[in-house]
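Undergrad: Below is the sequence, then the predicted model.
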Protein chains: 2
Amino acid sequence: MGHNSEIRCAITGTSGFVAPYVIEELAHNSLGISEILCIDLELPSHSEKTSIPATYVLLDMMDRTALESTLRDFQPDYIIHLASLSSVAESWKKPSLSFLNNLNIFLNVLESMSKIEKRCRILSVGSSEQYGVVTSSDIPIRETTPQNPQSPYAVARVSQEMLSRLFVDNFGLDIILTRSFNHVGPRQLSKFAIPSFIEQIVRQIRSNSSAITIATGNLDIIRDFLDVRDVAKAYVALLKKGKTGHIYNVCSGSGYTLSQIVSFISEIIGRPVQVTHNPDLVRPADNPVIIGDCTKLRTETGWIPSITLKETLKAMIDYTSQHLT
Amino acid sequence: MGHNSEIRCAITGTSGFVAPYVIEELAHNSLGISEILCIDLELPSHSEKTSIPATYVLLDMMDRTALESTLRDFQPDYIIHLASLSSVAESWKKPSLSFLNNLNIFLNVLESMSKIEKRCRILSVGSSEQYGVVTSSDIPIRETTPQNPQSPYAVARVSQEMLSRLFVDNFGLDIILTRSFNHVGPRQLSKFAIPSFIEQIVRQIRSNSSAITIATGNLDIIRDFLDVRDVAKAYVALLKKGKTGHIYNVCSGSGYTLSQIVSFISEIIGRPVQVTHNPDLVRPADNPVIIGDCTKLRTETGWIPSITLKETLKAMIDYTSQHLT
């Protein structure tokens, strides 16, 4: 580590859903990265073979001294900060823990980099949850839509942005900020709606059920789902072409009801799918419609979504059929 | 502790500047409080004799279990949360530490009270720093003026408010929020401008200096100074008549330049005071004018400032003359 002629990228939260896709995307190497450092509490359950050498460091990012020392040794040119406790539900059960861990690990990255005198571009990943309750006139949601965070998790993300701005303005850090909408794709955990639908369906196909029935929450809500591979492309595009201190929605710009998604899945598998409504799966006071506006991301970086929702669903069904145990 | 017929008030941050004045104000007993619990890391250097029995608990509020247990035993009807790391300068030196400690201890109060099934009114003390950079058209600053926080300390206070709103809306906590402007009064530490001027002057009077000269920063800035005893009255008035979830500016509504304050001091001591400009005392990018609007506090609680700035300065000079060592 630490050779000056190389371009190095540190990624945090590498045991999560998005990181392996980002690593795969970096291998296309439009940033010229020659070394990747993966920071997390644990190793990923899945890792892609990649043409770029990747080192895995098991580290608690709450330990700032250890984090600073690791980053100082590595001398990153880029940091992609994916580590977070991203569960809104958990943030209600343990507000302090969720709020503070989220912010603490992020602040530890910023404070470390403000001490390490190395020009480094940092991608701070935020969430569409920051917008909170929106009205129909706010759709599609632009970066200028006022924030109205409704959970400790969402407040933490708003605070992360406010702190980022201070570090850009006062310490000259080069931070790009996202507000990322719903992700979807192969390997997503089945606690999320779409992978849960697919897992239920694949199990019933396997057991030769005569009819396929899935338990769902409210299917009328409209969400903006972006394939995780397009999310990864957006993050790399932002590292390349984003503007320091700017905020970018990362989304598809299109909305679908969960009902439509069930229909798409039914088409793909060529069988009817019945739904039973499970009140336990309905979130209280959920926004009826969330669709983001990705004009800024598209215009400034040239990124466009490359995978249709149907293609994503097909890939998820294929992956789940092959790997579900 | 814990008799049900009594009305109990817990106060955090009792080793600080404001707490003894709040305790004194509570002794006028318009809230009918019969027992006070003082929570801090250390005992106060100054404590008023009070007609209400006060117990001091030395406790690190970062330890939520200990805090919850203490509050559960005490069963407070009121909590006045004064504890904070309130130095903006420190928040720049150690952003994580300042930010997270401030929020952590506050969240620990809220999370504890959301678990203790006891109706309790909580006063969350915020800061005029939350407004950040303001323009002349924002003066006097109302509660509706957009926030534009410019330090980790100020971001922490904005986050504290956002989190308070969630706990009011989702856990039914009864929280009143202040944005408190500059405080001034006897016993204020001389790291602040006015007590520093007075300490320098008192030392020179004592040493029979022929001319009195003080080192100052920028004397042209205009600030809204409220006597700490009026601050204490405002906090008690808000506990009595404030509206749950509402935000109140706590300020005098009047602005003075630091030059004017030096003139007032000169009048009071009956001697000319010369100033020498010390660039080290000038804060970068400070707001030229901060004056708050206290209409909401006055209208809703009947509170009015009772001590003029000249009376405050006289009391400070008297106190410093008697106690400076």
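TA: All right, it came through fine. Numbers count the residues shown, from 1 in each chain, chains lettered A, B, ... in the order given.
Undergrad: I'd guessed residue A:74 sits against residue A:6; true?
TA: No: between residue A:74 and residue A:6 there is no contact under C-beta atoms under 8 Å: 10.5 Å. C-betas here are computed from N, CA, C, even on glycine.
Undergrad: Out of those two, name the residue with the larger neighbour count.
TA: Under the criterion of other C-beta atoms under 10 Å in any protein chain shown, the comparison of residue A:74 against residue A:6 puts residue A:74 first, with 22 against 14.
Undergrad: So the more buried one versus residue A:50, what's the distance?
TA: 17 Å (C-beta to C-beta, to the nearest Å).
Undergrad: Would you mind naming what in the stretch 51-200 of chain A lies close to chain B?
TA: Applying C-beta under 8 Å from any C-beta of the partner chain, we find that the stretch 51-200 of chain A lies next to chain B at A:64, A:92, A:95-96, A:99-100, A:103-104, A:107-108, A:110-111, A:149-152, A:155, A:158-159, A:162-163, A:166-167, A:170.
Undergrad: Which residue lies nearest the spatial centre of chain A?
TA: For chain A, the residue nearest the mean C-alpha position is residue A:18 (5.6 Å; C-alpha atoms, centre = their mean).
Undergrad: Okay, the spatially closest residue to that residue that is not a sequence neighbour and residue A:10: tell me how far apart.
TA: Leaving out its chain neighbours, the residue that sits closest to residue A:18 by C-beta to C-beta, 6 or more residues apart in numbering or on different chains is residue A:82, at 5.5 Å. Computed as C-beta to C-beta, the residue A:82 to residue A:10 distance reads 11 Å.
Undergrad: Now the residue nearest to residue A:18: phi and psi?
TA: phi -100, psi -20 (degrees, to the nearest 10).
Undergrad: my guess is it meets residue A:15, correct?
TA: No: assessed by C-beta under 8 Å, residue A:82 is found out of contact with residue A:15, at 9.6 Å.
Undergrad: Residue A:46 and chain B: what is the separation?
TA: 32 Å (C-beta to the nearest C-beta, to the nearest Å).
Undergrad: My guess is residue A:112 contacts residue A:65. True?
TA: No: shown here, residue A:112 and residue A:65 do not form a contact pair, counting by C-beta under 8 Å, at 9.1 Å.
Undergrad: Give me the buried positions along the helix or strand bottoming out on mean pLDDT in chain A.
TA: Every helix and strand in chain A was compared by mean pLDDT, DSSP states H and E; the lowest is helix A:88-93, with a mean of 79. Of all the residues in helix A:88-93, those buried under the rule 16 or more other C-beta atoms under 10 Å in any protein chain shown are A:88, A:91.
Undergrad: sorry, back to before: so which of the residues of the stretch 51-200 of chain A next to chain B sit within helices?
TA: Using DSSP state H, A:64, A:92, A:95-96, A:99-100, A:103-104, A:107-108, A:110-111, A:152, A:155, A:158-159, A:162-163, A:166-167, A:170 are the members of those that sit in helices.
Undergrad: Let me see the contact set for residue A:130.
TA: A:147, A:149, A:154, A:157, A:158, A:161, A:179 (C-beta atoms under 8 Å, 6 or more residues apart in numbering or on different chains).
Undergrad: Highest neighbour count among those?
TA: Going by other C-beta under 10 Å, residue A:157 tops these with 28 neighbours.
Undergrad: Over to residue A:122: give its phi and psi.
TA: According to degrees, to the nearest 10, residue A:122 has phi -110, psi 130.
Undergrad: residues touching it, list them.
TA: Residue A:122 neighbours (C-beta under 8 Å, 6+ apart): A:78, A:79, A:81, A:109, A:110, A:113, A:173, A:174, A:175, A:176.
Undergrad: Can you list the strands that the one helix or strand the second one maps to pairs with?
TA: Which is residue A:79. In this structure, residue A:79 is located in strand A:78-81 according to DSSP states H and E. Here strand A:78-81 has these sheet partners by DSSP bridges: strand A:8-12 (parallel), strand A:121-127 (parallel).
Undergrad: Now do the same contact list for the residue nearest to residue A:291 when sequence neighbours are not counted.
TA: Residue nearest to residue A:291 in three dimensions, not counting chain neighbours: residue A:255, with 3.9 Å by C-beta to C-beta, 6+ apart. The contact partners of residue A:255, by C-beta under 8 Å, 6+ apart, come to A:139, A:222, A:223, A:224, A:289, A:290, A:291.
Undergrad: Thanks a lot, catch you later.
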